[in-house]
Structures are given as structure tokens and as C-alpha cells.
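>>> Please work out how this folds:
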Amino acid sequence: MRKTKYTNMFSKDGFFPRRSSSLAFAEKWIEIDLDKIKGNVAAIKKRLNPKVKLMAVVKADAYGHGIIPVSKAVLCAGADILGVISVDEAAILRKSGVKNPIFILAPSLPSRIPEIIKLNLIPTVDSQEFLRLFNARLKKRKIHREYCLDMDFGIGRWGIKPEKFISFVEKTENLKNAVLSSISTHINYFPNKNMVEAQEKLSLFRKICEKVLEKNPKIKLHAANSSVLCDFPQWQFDMVRIGNLIYGLYPSRIYPGPPIKGIRRPWKFRAKIISIRKVRKGQSIGYASEYVSPKNMTIACIPSGYGDGLTMEPKEKNINISAGSNYWGIIKGRKAFFVGKPGIIHTLLDITNVPNVKVGDPVELPVRRTIAPVRIPRIYNRTARR
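Okay, here's the model as predicted:
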């Protein structure tokens, strides 16, 4: 029989729990189930074609889940490479003991080249000047390092324009120490919005890359993020770069192919109720009396607000004339709708129809994971057998 416990105490490698941490005195915390993250990786790998590699994207502190424990979990589950956004994120992983390949998803400044080489990272490149300096530094040290060229297909943040890509590659052919190992792109695809355009761009990406592969067939191609893998599984190329699916966020609603089964959400943000009070019909509450109660209500207060990543929006444009709401927490398996808009460190909830609620009961809340502050403790699961 399996028993799940949670801990925020780690061993020296930053991953395996040492002892359980009590939640008795915590007012708010985040529970992260690493077993579910591992299960998501396993589900993704079942969708991949033979020999297709999996890059687990752990940028932005692993989407707020914790870059060190999540990275070690996904590697344990079979991910081949880790994707980060910067040298700084990669340095955290190397310091924690990660030996696996680390890919920098965004271009780096030339000033970071010494660190990229020292940490043995794979940089994304879209600049001849960066490549020249990168190669010169490698040549001086008499070593070789891999790099990736990125092609810009519409997002417009970085990358080489498709019409200039072949000429760009030709200018790199005299570089001996900087080794072109892969070509990437990130198309501006949004599920169920621009499917035809996405297919056309993926096809053109392949066509352009084929000209490069004629001279160097060992170069690997990658373009599929979570959305592309779900909606266009035929465009896996040599590697997929997956973030959302690993964190239990299924981006597709159209399922043109079989859905990826077994994806579960590993994240739960909870805050305990610190106050409960009765509100009469017609009574105004909230800043500037923003909310007028349409009925007799029971209101609970939690010590969490937009400073913790909750929405800053009012429930609707004219918030003082309606009892409707677009946001809620979950108490005892039932919805408790937000009353008015959250403050920076508090939110009011309507618990009128939730029975037997008391101060100290936990509320599960909808929080954007990447903006949940690091000061909120992350409590990681420990699975034991008995």
C-alpha cells in the first residue's frame, strides 16, 4: 500500500526528502506531486516515435514548480535533455549536480560565452557575431562544443528569418570548434486557431532544413512544443520540447489524433480560512464598498490575494450589482466563489452553500504557477510503502 507524504526538506542533492514537514502551522503552501510529474513524462514518451528525444522544459523555475526537484524527477523518468531560458538557470542545475545535457532556449549575450563553455551548455544562436566569438574561445581552449540555430517563424522574439537561413548557415561552414548540432523553431500556433498556417510553417521548416541536411545529415531538428505534439504528432522531427504537458496542462481541445492519456496536474495551492462572518442582504463589503450582498451570506476570508498570484480582476465590470463570479476556490470538494476582487494579501469567499466550514479549513485556489512567489513554501511529495 502506498502512502503519500509531503516535505520541503531535501537531502544534499536537493531532491530526495529527508523528513516530513508539518503543515499544522502553515497558513498557505503549495503541494507538488513529483510522482505525477514523472507519470506525465512517461505518458509523453509513449506518444513519441522511436528514437525521438524528449527535452523537458524547466525554464521559469520549472513553471514555478521548483527547477531542481522537477529536473531531477523528469530525468529520473526518462527525459533526455533539460531546456532552460538562461545561463543563470543552467548554473543552478549544474551546481545541484545535474550532469545531463542542458539546452538554452533563448540567445545569450556574448559576455556569457565563458560560462556557457565552462558549464558545457548548448546555446541557441541567431547571431554571426556570437558564433565568431564562441568559436574563437573554443579554438583557444582546443575544445569543441555544440550549438543550435533557431529559425523565426512568426513569434518575432529571436531567430533567423527563413529566407535568410541558408545563407546564414553557409557563413558558419568555416567554423571548426563550434559545432552545429541542431536546428529549432517555435511556430506561433495557438490550438484550434491557425491549424492550416501551422502545418504550412512546419512543412516549410522541414523543406529549408533539408538543404542543410544534405551536407550534414547528423543535424537534429526540433519544432514541437506541447501544443504541436498534441495536435500535429506527425511533426515530432528528432526531438520534442515539452513544458505544459509535464506540468499537467493539456493545451489542446481538438484532439485530431488520440489524446495523450495519463496527464495529471501535480500542483495544488492551498490557504487556510482565518475568519468567517455573516453578511446581511444589502450590506456592502470590500474596498470602496465595492460589493453589495444580494442575499444573506456567510463569508470566509483567506490570507492570500493577488500578491500570491491570484487574479486582480473583479468578477465582472459592474461588480456591485450581481452575485455572479468567474473565480472560486474549492472547500470540501465544493466551489466557493470569490466575493469582490482579491486584495494583495486577502480574498473573500462565499461559503453560504458549503456546510460545516470552520476556521483553519484549507481552500484550494487557482493561481498562475509561474508568478506564485518563491516565499510560499513548496511542499514536495514523498511516496513510501508500508
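
>>> wait, what's in contact with the most centrally placed residue in the chain?
The residue lying closest to the centre of the chain (CA atoms, centre = their mean) is Tyr63, at 3.2 Å. By CB atoms under 8 Å, 6 or more residues apart in numbering, Tyr63 lies in contact with Gly243, Asn244, Tyr247, Arg369, Thr370. The way it works is simple: take the backbone N, C-alpha and C, and place the C-beta from them, glycine included.

>>> Asp150 falls within a strand, correct?
Yes - Asp150 forms part of a strand when assessed by DSSP: H, G, I helix; E, B strand; the rest coil.

>>> Ile285 reaches Gly343, doesn't it?
No - with contact defined as CB atoms under 8 Å, Ile285 does not reach Gly343; the gap is 11.7 Å.

>>> And Glu163, what's its pLDDT?
Here the pLDDT value assigned to Glu163 is 96.

>>> helix, strand or coil for it?
Secondary structure state of Glu163, per three-state DSSP, is helix.

>>> Quick check: next helix or strand after the longest helix along the chain?
With secondary structure taken from DSSP state H, the chain has its longest helix at helix 195-213. Where DSSP states H and E defines the elements, the next helix or strand beyond helix 195-213 is strand 220-224.

>>> count of residues packed around Ser182?
By other CB atoms under 10 Å, the residues close to Ser182 number 22.

>>> Who does it form a beta bridge with?
On the basis of DSSP bridges, Ser182 is bridged to Cys148, Lys220.

>>> Over to Ala336?
Beta-bridge partners, per DSSP bridges, of Ala336: Gly329.

>>> That one and Ile302: what is the separation?
If you measure Ala336 against Ile302 using CB to CB, to the nearest Å, the figure is 9 Å.

>>> Common neighbours of these two, please.
With CB under 8 Å, 6+ apart, Ala336 and Ile302 have common neighbours Gly329, Leu349, Val363.

>>> Report the contact partners of the last one.
In this case it means Val363. Arg270, Ala271, Lys272, Ile273, Ala300, Ile302, Gly329, Ile330, Ile331, Ala336, Leu349.

>>> hmm, try it at 10 Å
If a contact means CB atoms under 10 Å, 6 or more residues apart in numbering, then Val363 has 28, 269-273, 300, 302, 304, 328-332, 336, 347, 349, 351, 354, 357 as its contacts.

>>> before we move on, back to that, rebuild the contacts of Tyr63 as TSV, extending it with secondary structure and pLDDT.
Formatted as TSV, these follow (DSSP: H, G, I helix; E, B strand; the rest coil; pLDDT from 0 to 100):
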residue	secondary structure	pLDDT
Gly243	coil	97
Asn244	helix	95
Tyr247	helix	96
Arg369	helix	88
Thr370	helix	88
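
>>> so what's the residue nearest to Pro355 when sequence neighbours are not counted up against?
Closest residue to Pro355 apart from its sequence neighbours, by CB to CB, 6 or more residues apart in numbering: Lys332 at 7.9 Å. Shown in contact with Lys332 (CB under 10 Å, 6+ apart): Ile351, Val354, Pro355, Asn356, Val357, Asp361, Pro362, Val363.

>>> Would you map the strands across the stretch 251-386 of the chain?
Remark: strands assigned in the stretch 251-386 of the chain by DSSP state E, counting those that start in this stretch are 267-272, 275-279, 284-285, 291-292, 297-302, 328-331, 334-339, 347-350, 362-365, 378-385.

>>> Convert the C-alpha atoms of the host helix or strand of Leu54 to CSV, please.
Assigned by DSSP H and E, Leu54 falls within strand 53-57. Provided in CSV are the C-alpha atoms of strand 53-57 (Å, rounded to 0.1, in the frame of the first residue of the first chain):
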residue,chain,number,x,y,z
LYS,A,53,14.3,12.6,-27.9
LEU,A,54,12.4,14.4,-25.1
MET,A,55,13.6,17.8,-23.9
ALA,A,56,11.9,18.7,-20.6
VAL,A,57,11.5,22.4,-20.4
